[in-house]
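Participant: Just need the structure, nothing else, for what follows:
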Amino acid sequence: MLQAYGRTVLDTDDTETARAKIEAEIRRLPTATWEWLNQSETNELGDLRVWQVLPGRLPGGVRVLGVLGIGLTGDSNPEPPAHGAAGVF
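Facilitator: The predicted structure is shown next:
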C-alpha cells in the first residue's frame with residue numbers, strides 16, 4: 001500500500017498520520033472509495049481496500065461503469081499477478 005499511496009509517508013509517522021497521508025493520496029482519485037481492515041497489534045496500519053469506478057464502453061458502443069477493487073495488504077505482492085494470503089487478486 002505504501003508503494004501505491006504512501007509517497008509522503010515517513011518512517012517516523014505514527015499510524016494516524018500515515019493513514020491521513022494515504023487517504024489524502026486516494027482522495028486525488030475522483031471516483032475512489034476505500035476502507036481500512038484488519039488493524040491489530042502486529043499490523044498497526046491495517047490493510048487497505050480501494051475501489052475506483054471507471055466509465056467504459058462495451059463492443060458496439062454500450063456505455064458501462066466498471067468497478068476496480070484492489071486490496072493491498074502487508075503480505076501481498078504488488079507485482080502482477082499479485083498474490084496475497086487469500087490467493088490471486
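Participant: all strands of the protein, in order?
Facilitator: Counting by DSSP state E, the chain has strands at residues 32-37, 47-57, 63-72, 83-84, 87-88.
Participant: counting contacts, what elements does the first one pack onto?
Facilitator: Okay, so that is strand 32-37. Taking 3 or more Cβ pairs under 8 Å, 6 or more residues apart in numbering; DSSP states H and E as contact, the helices and strands that strand 32-37 lies on are helix 15-27, strand 47-57. Yep, even glycine has a C-beta here, placed from its N, CA and C like the rest.
Participant: Now do the buried residues in that strand.
Facilitator: Along strand 32-37, these residues count as buried under the neighbour rule (16 or more other Cβ atoms under 10 Å): 32, 34.
Participant: Next: the longest one.
Facilitator: Residues of strand 47-57 classed as buried by neighbour count (16+ other Cβ under 10 Å): 47-50, 52.
Participant: in its sheet, what does that strand sit against?
Facilitator: The partner list of strand 47-57 in its sheet, established with DSSP bridges, is strand 32-37 (antiparallel), strand 63-72 (antiparallel).
Participant: Confidence-wise, which of those strands is weakest overall?
Facilitator: Per-stretch averages of pLDDT across these put strand 63-72 at the bottom, with a mean of 54.
Participant: Where does the prediction get shaky in the protein?
Facilitator: Across the chain, the ranges flagged by pLDDT under 70 are 56-89.
Participant: who does W51 bridge with?
Facilitator: Residues found in beta-bridge contact with W51 (criterion: DSSP bridges) are T33, G69.
Participant: Perfect, that will be all.
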